[in-house]
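A.B. asks: Provided below for reference: sequence and predicted model.
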Amino acid sequence: MAPDVDRAFTPTPPAGGARIVKGPRGLDVPDHPIIPFIEGDGTGPDIWRATVRVLDAAVAKAYGGARQIAWMEILAGEKAFNATGNWLPDASVDACREYLVSIKGPLTTPVGGGIRSLNVALRQLLDLFVCLRPVRWFEGVPSPVKQPGDVDMVIFRENTEDIYAGIEFEPGSADAQKVLDFLAREFPKGFNKIRFGTPARNAEWLTQLEAIGAPHRQLPVQVGIGIKPVSYLGTERLVHSAIGYAIANRRKSVTLVHKGNIMKFTEGAFRDFGYQVARDFFGAVELDGGPWHVIPEGRPGAGLVIKDAIADAFLQQILLRPRDYDVCATLNLNGDYLSDALAAQVGGIGIAPGANINYITGHAVFEATHGTAPKYAGLDKVNPGSLILSGEMLLRYLGWTEAADAVLAAMDQAIAGRHVTYDFARLMDGATEVSCSGFADKLIEAM
Ligand SMILES: NC(=O)C1=CN([C@@H]2O[C@H](COP(=O)(O)OP(=O)(O)OC[C@H]3O[C@@H](n4cnc5c(N)ncnc54)[C@H](OP(=O)(O)O)[C@@H]3O)[C@@H](O)[C@H]2O)C=CC1
Ligand SMILES: O=C(O)CCC(=O)C(=O)O
Ligand SMILES: [Mg+2]
């Protein structure tokens with residue numbers, strides 16, 4: 001059915017609910033805060049249905065009815081498109097803006113063509129510059145590593161810049177050609193060194209390929225181009241948040257993860273900017289001649305080490321020596337890769353929560369690390385743990401610590417009782433496999 005593009009969508013604020021506002025000393029949270037939610041695509045509705053029951057039960061247990069979340073559905077993704085002809089209606093973005101704190105299921109992004117990521121769009125439109133992804137192990141969760149308990153890290157992923165800014169030019173397009181011509185004209189030294197994307201280079205490669213058996217062809221130049229912006233201020237707000245978090249939570253170190261040996265003025269700049277933030281805002285000084293820094297005695301966070309690691313080496317170090325790493329600050333793409341890799345070490349992305357936060361305005365959208373897992377859509381099968389734990393982060397963000405603790409305690413109990421979804425059950429001896437909704441039931445029973 002063709003979407004009715006004229007059908008507007010206006011979310012309905014639930015009766016009795018009130019807005020969360022950002023006051024001078026943090027969030028001002030009413031007892032019945034209105035929290036917008038997006039169900040999500042694929043397995044999104046399955047995990048959302050499970051999550052909302054667990055969160056409501058935790059709040060009820062913690063506050064005996066004195067507090068309750070007033071959930072308000074907003075549309076995005078396929079559900080929005082089918083209802084309105086728009087993948088991300090303005091009304092949904094406006095609601096996230098107005099009500100400050102929201103939660104979402106995963107949304108589909110096609111590979112290659114089609115719409116750009118709605119997830120990334122939401123982060124950019126709301127300027128949610130930190131993607132916060134804590135990675136810790138729950139006792140009893142199956143893991144491919146020997147000591148998963150050694151992994152206790154918090155990823156601060158820059159969420160608005162880098163290659164995710166979406167400045168890209170399609171291979172073979174007139175725009176891509178314009179960029180190639182501009183580079184050849186304005187930067188002949190660097191560009192001509194490798195001569196990619198020129199008709200002469202194209203012809204040379206075609207001849208070489210013919211020599212190794214490829215058919216004789218005449219192909220036009222086809223080079224896709226992506227631009228990777230990394231700004232000082234983008235890095236400052238991310239690294240400042242990471243160091244601030246590390247100090248507030250008494251963590252041992254902040255590692256700036258980058259690929260600055262190759263991408264000197266983007267990834268390398270991120271590292272240099274990061275150390276500059278440590279010095280300028282936290283008084284950090286070089287440790288043993290640098291480049292590592294430490295916050296000296298007499299300052300808040302004294303003893304906190306700010307160090308850096310090159311991303312490829314870091315990915316093997318977290319497997320071999322996870323205890324050496326604690327809070328990690330990194331750029332957008334590295335953060336995406338790291339999140340899933342680290343999640344695997346503590347049981348997989350079925351249990352990997354996250355939040356997108358602007359610590360300055362207070363805006364936050366909580367969401368799982370994983371995607372829509374489409375092959376399991378509607379089967380009531382996947383692990384809702386990742387979205388439930390994102391909800392736990394949301395409750396803690398509201399200052400509803402007792403409810404957040406109730407979620408964690410229930411999670412511990414359900415896993416200790418070996419009632420787990422398929423992803424854990426297939427790796428756990430003596431486990432009883434439960435459905436997505438069945439796992440939520442176990443958590444609620446444990447409360
Ligand atoms: N923030 C967001 O909304 C995100 C959206 N996406 C989007 O999601 C879509 C699908 O992406 P894809 O690359 O398949 O990655 P997914 O994260 O959706 O799924 C990959 C695999 O991870 C496992 N998995 C995912 N979710 C769960 C869960 N809740 N419980 C247990 N296991 C789980 C499954 O493994 P197994 O097969 O072993 O069972 C699944 O096949 C894409 O369109 C992508 O763009 C991706 C990431 C984030
Ligand atoms: O937006 C998407 O489809 C993917 C995003 C993603 O993988 C992530 O944020 O971890
Ligand atoms: Mg990802």
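C.D. replies: Structure received. Since we're looking at a predicted model, the values are computed, not measured. Ligands and ions are numbered 1, 2, ... in the order given.
A.B. asks: neighbours of the residue in the stretch 201-350 of the chain that ligand 1 sits nearest to, just the number please.
C.D. replies: When scored by Cβ to the nearest ligand atom, the stretch 201-350 of the chain has Gly350 as its residue closest to ligand 1, at 3.0 Å. Placement of C-beta: from N, CA and C, glycine included. Neighbour count of Gly350, defined by other Cβ atoms under 10 Å: 25.
A.B. asks: pretty sure it contacts His370?
C.D. replies: Yes: the pair Gly350 / His370 is scored as a contact, 7.0 Å apart, by Cβ atoms under 8 Å.
A.B. asks: what sits in contact with each of those two?
C.D. replies: Overlap of the contact sets of Gly350 and His370 (by Cβ atoms under 8 Å, 6 or more residues apart in numbering) consists of Ser386.
A.B. asks: one step back: could you find the closest non-adjacent residue to the residue of the stretch 201-350 of the chain closest to ligand 1?
C.D. replies: Asn383 (3.1 Å; Cβ to Cβ, 6 or more residues apart in numbering).
A.B. asks: biggest helix in this protein by residues?
C.D. replies: Secondary structure of the chain read by DSSP state H shows that its longest helix is helix 44-63.
A.B. asks: in this structure, what residue is nearest ligand 1?
C.D. replies: Taking Cβ to the nearest ligand atom as the measure, the point where the chain comes nearest ligand 1 is Gly371, at 2.2 Å.
A.B. asks: who are the contact partners of the nearest residue to Pro45 once chain neighbours are set aside?
C.D. replies: Of all residues not flanking Pro45 in the chain, Glu39 sits nearest, at 4.8 Å (Cβ to Cβ, 6+ apart). With contact taken as Cβ under 8 Å, 6+ apart, Glu39 is in contact with 45, 48, 73, 79, 105.
A.B. asks: which of the residues you listed are buried?
C.D. replies: Using 16 or more other Cβ atoms under 10 Å as the burial test, the contacts of Glu39 include 45, 48, 79, 105 as buried.
A.B. asks: what about the residue nearest to Gly350, neighbour count?
C.D. replies: 29.
A.B. asks: same question, Tyr397
C.D. replies: By other Cβ under 10 Å, 21 other residues sit near Tyr397.
A.B. asks: my read: it touches His363, true?
C.D. replies: No: between Tyr397 and His363 there is no contact under Cβ under 8 Å: 10.9 Å.
A.B. asks: any residues in contact with both of those two?
C.D. replies: Taking Cβ under 8 Å, 6+ apart as the contact criterion, the common neighbours of Tyr397 and His363 are 101, 357.
A.B. asks: can you list phi and psi of Pro171 for me?
C.D. replies: Note on Pro171: backbone dihedrals following degrees, to the nearest 10 are phi -60, psi 130.
A.B. asks: right, I mislabeled it, should have said Leu132
C.D. replies: For Leu132, the backbone dihedrals are phi -100, psi 120 (criterion: degrees, to the nearest 10).
A.B. asks: how much space between it and ligand 2?
C.D. replies: Computed as Cβ to the nearest ligand atom, to the nearest Å, the Leu132 to ligand 2 distance reads 12 Å.
A.B. asks: need the nearest residue in space to that residue, chain neighbours excluded.
C.D. replies: When the adjacent residues along the chain are set aside, Leu132 lies closest to Ala355, with 4.7 Å between them (Cβ to Cβ, 6+ apart).
A.B. asks: got a list of what that neighbour touches?
C.D. replies: For Ala355, the residues meeting the contact criterion (Cβ under 8 Å, 6+ apart) are 130-133, 364-367, 390, 393-394, 397.
A.B. asks: okay, and the beta partners of it?
C.D. replies: On DSSP bridges, the residues paired with Ala355 through beta bridges are Leu132, Phe366.
A.B. asks: hang on, the earlier thing: need the contact list for the residue of the chain closest to ligand 1.
C.D. replies: Contact criterion Cβ under 8 Å, 6+ apart gives 42, 106, 108 as the residues in contact with Gly371.
A.B. asks: looking at the residue nearest to the last one when sequence neighbours are not counted now. What's its pLDDT?
C.D. replies: By the measure of Cβ to Cβ, 6+ apart, the closest residue to Thr108 outside its immediate chain neighbours is Asp41, 4.4 Å from it. We note a pLDDT of 98 for Asp41 in this prediction.
A.B. asks: Ala121 touches Pro89, doesn't it?
C.D. replies: No: if you go by Cβ under 8 Å, Ala121 and Pro89 don't touch, sitting 11.8 Å apart.
A.B. asks: neighbour count winner among these two?
C.D. replies: The residue with the greater number of neighbours, taking Ala121 and Pro89 and applying other Cβ under 10 Å, is Pro89; the counts read 22 against 18.
A.B. asks: coming back round to it: let me see the contact set for the residue nearest to Gly350.
C.D. replies: Asn383 makes contacts with 47, 348, 350-351, 420-424, 436, 439, as judged by Cβ under 8 Å, 6+ apart.
A.B. asks: got those as TSV, with secondary structure columns?
C.D. replies: Written out in TSV, the entries for those read as follows (DSSP: H, G, I helix; E, B strand; the rest coil):
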residue	secondary structure
Ile47	helix
Gly348	coil
Gly350	helix
Ile351	helix
Val420	strand
Thr421	coil
Tyr422	helix
Asp423	helix
Phe424	helix
Cys436	helix
Phe439	helix
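A.B. asks: need those in CSV with distance to ligand 2 and pLDDT, can you?
C.D. replies: Converted to CSV, the contacts of Asn383 look like this (distance: Cβ to the nearest ligand atom, whole Å; pLDDT from 0 to 100):
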residue, distance to ligand 2, pLDDT
Ile47, 15, 98
Gly348, 14, 92
Gly350, 14, 95
Ile351, 15, 95
Val420, 23, 96
Thr421, 20, 97
Tyr422, 22, 97
Asp423, 18, 96
Phe424, 21, 95
Cys436, 20, 98
Phe439, 22, 98
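A.B. asks: out of the residues you listed, who has the most neighbours?
C.D. replies: Compared across the contacts of Asn383, Ile47 has the highest neighbour count, 33 neighbours, by other Cβ under 10 Å.
A.B. asks: so what's that one closest to, chain neighbours aside?
C.D. replies: Once flanking residues are discounted, Ile47 sits nearest to Pro384: 4.1 Å by Cβ to Cβ, 6+ apart.
A.B. asks: same question for Ile167.
C.D. replies: If you skip the residues right next to it in sequence, Ile167 has Ile227 as its closest partner in space, 4.0 Å away by Cβ to Cβ, 6+ apart.
A.B. asks: same question, Ala341
C.D. replies: The spatially closest residue to Ala341, leaving aside those adjacent along the chain, is Leu315, at 6.2 Å (Cβ to Cβ, 6+ apart).
A.B. asks: shouldn't the one you found be in contact with Leu342?
C.D. replies: No: taking Cβ under 8 Å as the contact criterion, Leu315 and Leu342 are not neighbours in contact, 9.4 Å apart.
A.B. asks: the more surrounded of these two?
C.D. replies: Applying other Cβ under 10 Å to Leu315 and Leu342 shows that Leu342 carries more neighbours, namely 25 against 16.
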